[in-house]
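K.L.:
what shape does this take:
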Amino acid sequence: MSQTFRSKTLWALAAGLVMTALPVFGQGVPVEGPVPTTATIQVQSKSGAPLDPAMLMLQVNGKDTPILSVKPIPPPGAQIAILIDDGLRFTFGNQLSDFADFINALPPGAKVLVGYMQNGIVRGMNTFTANHKAAADQLRITTSMAGINGSPYFTLSEFAKHWPSNEPGARFVLLVTNGVDAYNGSTSVLNQNSPYVQTAQEDAQRAGVTVYSIYFPQSYPRGSKGSFSGQSYLAQVGDATGGTSFNMGTITPPSLAPYLTQFAKAIATSYMVRFNVNYPHVKRDTLVRIKLKSSQPGVKLQTPNNVRPGVDLGW
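P.N.:
Got it, this is the predicted structure:
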């Protein structure tokens, strides 16, 4: 595909707004607050204007909370994991050039990892790299073996808990999967409360990971109920972490390039918001509810609905 992504321009605009870097805090959580904490948010502006931090309002557990700083994420501050379900239909091979174009169009300094989800773990790269060509070279045709991945949510949980980087930076995951949780029994619309999906969602929130996804069928059909179930779960995890799930209903997209363009734009228009959480006797698995909104005209925010006090991945 010869089309270049607009992400380089968007990233350049965002990086130009960065005057100073966020301080890096340890990942350990003290016994009591105030605890420095960051949340990654994505800004959708109808006019294309940058976010005005003065018009942001934050609540933590329902209480108004001061915002310490708001910074756009520069390219070197982004860690992007592309996790592909190894059970996808073999026709996914037709999409590889679009993924290679996406990776190679990332701005210099952005770090990427390409892995294939198998039996609850990620096979492939074990660290992030700013060498985009090397990352793109890891793309391959899926094995298309029915059930080889089991559940993408087991994989997401493990990957988030053992994020393969100790460097500061915003954490993004792009799941390419049908989203079905085979371990939750029936895919009936009446059975959409999966403990495994909930656990994956919370593990991502604790690690400060924003989850995006692209729905793509596996090598065996699960019917309309399976498609609905998988898309519902992917949307749930995306909404909870501040990300987005892309799909065309039950139809296999002829090209994933438009979704990849939207994903690149979302990363380029993401910000880190830093604040203190006053929370007594904090435990490492604590999650607090946050609500961010802006009074800036034409601006809409995508934000996580929970964060772990003390998670500070800032630049």
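
K.L.:
quick one, strands of the stretch 151-300 of the chain?
P.N.:
Here the stretch 151-300 of the chain has its strands, by DSSP state E, counting those that start in this stretch, at 170-177, 209-215, 245-246, 270-277, 288-294, 299-302.

K.L.:
could you dump those into JSON lines with distance to Pro75 added?
P.N.:
The C-beta positions use only the backbone N, C-alpha and C, and glycine is treated the same way. Output for these, formatted as JSON lines (distance: least, Cβ to Cβ, whole Å):
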{"stretch": "strand 170-177", "distance to Pro75": "11"}
{"stretch": "strand 209-215", "distance to Pro75": "16"}
{"stretch": "strand 245-246", "distance to Pro75": "22"}
{"stretch": "strand 270-277", "distance to Pro75": "11"}
{"stretch": "strand 288-294", "distance to Pro75": "23"}
{"stretch": "strand 299-302", "distance to Pro75": "20"}
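
K.L.:
go ahead and confirm Met260 touches Ile103.
P.N.:
Actually, residue 260 is Leu rather than Met. No - Leu260 is not in contact with Ile103 according to Cβ atoms under 8 Å; the separation is 9.2 Å.

K.L.:
hmm, back to that, mind checking the strands of the stretch 151-300 of the chain for the one nearest to Leu313?
P.N.:
Closest of the strands of the stretch 151-300 of the chain to Leu313 is strand 170-177, at 6.2 Å (criterion: Cβ to Cβ).

K.L.:
could you tell me the angle between that closest one and strand 209-215?
P.N.:
Put simply, strand 170-177 runs at 20 degrees to strand 209-215, going by axes from the mean of the first three to the mean of the last three Cα atoms, to 10 degrees.

K.L.:
below-threshold pLDDT in the stretch 1-150 of the chain: ranges please.
P.N.:
Scanning the stretch 1-150 of the chain for pLDDT under 70 picks out the ranges 1-33, 146-147, 149.

K.L.:
so where do the helices sit in it?
P.N.:
Applying DSSP state H, counting those that start in this stretch to the stretch 1-150 of the chain gives helices spanning 7-16, 96-104, 132-136.

K.L.:
that older thread, of the strands of the stretch 151-300 of the chain, which stretch is the most buried?
P.N.:
strand 209-215 (a mean of 26; mean count of other Cβ atoms under 10 Å).

K.L.:
direction included, what does that strand pair against?
P.N.:
Here strand 209-215 has these sheet partners by DSSP bridges: strand 170-177 (parallel), strand 245-246 (parallel).

K.L.:
with mean pLDDT as extra columns, can I get these in a markdown table?
P.N.:
Formatted as a markdown table, these follow (pLDDT from 0 to 100):
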| stretch | mean pLDDT |
| --- | --- |
| strand 170-177 | 97 |
| strand 245-246 | 95 |
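
K.L.:
looking at those, which is nearest to Ile84?
P.N.:
The nearest among the strands paired with strand 209-215, by Cβ to Cβ, is strand 170-177 at 4.6 Å.
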